[in-house]
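1. Just to be clear, the model below is a prediction. Sequence and coordinates:
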Amino acid sequence: MKKVEAIRKLNETELEEGIAGTSASWHQKYESCPFIYVGGLPTALTEGDLLAMFEQFGIVVLVNLVREADTGKSRGFAFLKYHDPRSAVLAVDNFTGTEVGGRTLRVDHAEDFKIPNEPGRGIIDTTPPQLRAEDSSRPSGRPATNESNANEITAVVKKETEKEDRRERAVFERWQAMNKKREREERKRQRRRSDKGHPAVQRDGHDLDNSIDREANVQPPNGEVNRETRHARVSESRIEKRRHKEERRARKAERAKLREERKRRRAEREGER
């Protein structure tokens, strides 16, 4: 677990400092190494399971799942070889710390790995026939970079970048929403504090005490409103409410009269026909 945490911390540091993918990255040392070590594997996993897991980052040309000599049971670690070393970098970055079957995987570059020549060591050559033909036709024997594999790697990197951008955008939007909410709450608190010290009762932005003497609305120096002023405000508020209610009733009665008048005229026109 310490190795897993160290690799994670190293990758995060490179991203923060902006040196990921440059010559300063720790992956630069293994830029030409296609081998990776995979530890912490559940013993139930087979070579086919490893291929299904690790081929999402590139073409795996060799799988060496180490097994016990007498029982053939997996020992929980394996070595894989990619056709393109860049796929090994992606596998190390993305699979280190992943939980599979309740166990945490430890994936690292295997620079010193050598393919054993002894038979029966669990080594499986998974090179596609097309790549095997291309590699054998090259004089140097060095595997050629497969264009489709490069496109696949580019697609994976693009997908991960877009996912990270969406995550950062969501965090920024939440931060903006929280700031706006704090600003609204602060404005409400300021309005409440200012309303407590305001001498006149407000409604819809207008004073209810227009008919009351302005001097009666002035607050005394000790901060207490005298009883007469308070009663005057309450009375004025009640008068205003009563007046508004009477006006609504009058408008309602007038609308009813208009409706009756329209009905009467309609009945007269129908009678004339």
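-> Great, that's in hand.

2. OK, contacts around the closest residue to Leu41 other than its chain neighbours?
-> Computed as Cβ to Cβ, 6 or more residues apart in numbering, the closest residue to Leu41 that is not its neighbour in sequence is Gly76, at 4.9 Å. (Glycine included, C-beta is placed from N, CA and C.) With Cβ atoms under 8 Å, 6 or more residues apart in numbering as the criterion, the residues that contact Gly76 are Gly39, Gly40, Leu41, Pro42, Thr43.

3. For PyMOL, write the select line for the buried members of those.
-> Only the buried entries of the contacts of Gly76 go into this PyMOL selection, using 16 or more other Cβ atoms under 10 Å:
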select buried, resi 39+40+41
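
4. how about CSV for the contacts of Gly76, with pLDDT and secondary structure added?
-> Listed next are the contacts of Gly76 as CSV, based on pLDDT from 0 to 100; DSSP: H, G, I helix; E, B strand; the rest coil:
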residue, pLDDT, secondary structure
Gly39, 90, strand
Gly40, 90, coil
Leu41, 90, coil
Pro42, 90, coil
Thr43, 87, coil
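
5. how about the strand or helix carrying Met53: buried residues?
-> Met53 is located in helix 47-54, with elements delineated by DSSP states H and E. Within helix 47-54, the residues scored as buried using 16+ other Cβ under 10 Å are Glu47, Leu50, Met53, Phe54.

6. Show me the protein divided up by domain.
-> Using automatic domain parsing, the domain ranges for the chain come out as 2-144, 146-196, 215-272.

7. okay, the contacts of Gly76 in JSON lines with distance to Asp93 next?
-> Formatted as JSON lines, the contacts of Gly76 follow (distance: Cβ to Cβ, whole Å):
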{"residue": "Gly39", "distance to Asp93": "16"}
{"residue": "Gly40", "distance to Asp93": "17"}
{"residue": "Leu41", "distance to Asp93": "18"}
{"residue": "Pro42", "distance to Asp93": "22"}
{"residue": "Thr43", "distance to Asp93": "26"}
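
8. Farthest-apart pair in the contacts of Gly76, please.
-> Gly39 and Thr43 (12.5 Å; Cβ to Cβ).

9. The next helix or strand after the helix holding Met53 packs against which elements?
-> Remark: after helix 47-54, the chain's next helix or strand is strand 60-67, criterion DSSP H and E. Here strand 60-67 touches helix 47-54, strand 74-82, strand 123-125, going by 3 or more Cβ pairs under 8 Å, 6 or more residues apart in numbering; DSSP states H and E.

10. and of those, who's closest to Arg259?
-> helix 47-54 (78.2 Å).

11. related to what we said a few turns ago, wait, which of the buried residues of helix 47-54 is closest to Glu260?
-> Of the buried residues of helix 47-54, the one sitting nearest to Glu260 (Cβ to Cβ) turns out to be Met53, at 83.7 Å.

12. rewinding a little: so which of the buried residues of helix 47-54 would you say is closest to Lys245?
-> Nearest member of these to Lys245, counting by Cβ to Cβ, is Met53, at 76.8 Å.

13. all strands for the stretch 1-150 of the chain, in order.
-> Assigned by DSSP state E, counting those that start in this stretch, the stretch 1-150 of the chain shows strands spanning 35-39, 60-67, 74-82, 99-100, 103-104, 106-109, 123-125.
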